[in-house]
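Novice: Sequence and predicted structure below; questions after.
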Amino acid sequence: MLVILIGILIGIIIGYIFPYTYNPQYSLYISVSILACLDSIFGGTRAIMEDKFDTVVFLSGFFLNALLAAFLAFLGEKLGVPLYYAAIVTFGGRLFDNFAKIRRIIVQNLRNNNSKNME
């Protein structure tokens, strides 16, 4: 868990030191890609908490889901059909599901620790 926090801190520092702006034309692609990456991060965090984490699965999901989401947005734009909604619904739903499961794990761990302390 410490590695995750260190990674987040390093990312924030790098983002602050090297601010990057992009063409607003790409904001749809970037937003759905970020959503897909967040889904992978929450899924990886949940896997760590359940002792099921696999680095290859995490990294492949992180990058390939982001590329798939951006590709859906691109393809939908070319076809005139908002295919990016598929990425929003899928990754958004999974993100909330993983967050709920992480919350339950934390609450259960807190309850277990409190019951052990009361004995």
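Specialist: Here it is on my side, so go on.
Novice: low pLDDT regions in the protein?
Specialist: For the chain, applying pLDDT under 70 flags the ranges 1, 118-119.
Novice: hey, where'd the strands end up in this structure?
Specialist: With DSSP state E as the criterion, the chain has no strands.
Novice: which residue is nearest the centroid of it?
Specialist: Nearest to the mean C-alpha position of the chain, by CA atoms, centre = their mean, lies Leu38 at 1.6 Å.
Novice: quick one, longest helix in the protein?
Specialist: Longest helix of the chain, by residue count under DSSP state H: helix 84-118.
Novice: Which strands or helices does that helix pack on?
Specialist: Helix 84-118 sits against helix 27-49, helix 55-79, with contacts defined as 3 or more CB pairs under 8 Å, 6 or more residues apart in numbering; DSSP states H and E. For glycine as for every other residue, the C-beta is placed from the backbone atoms N, C-alpha and C.
Novice: can I get those helices in CSV with distance to Asn113?
Specialist: Shown next, in CSV, are the helices and strands packed on helix 84-118 (distance: least, CB to CB, whole Å):
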stretch, distance to Asn113
helix 27-49, 14
helix 55-79, 27
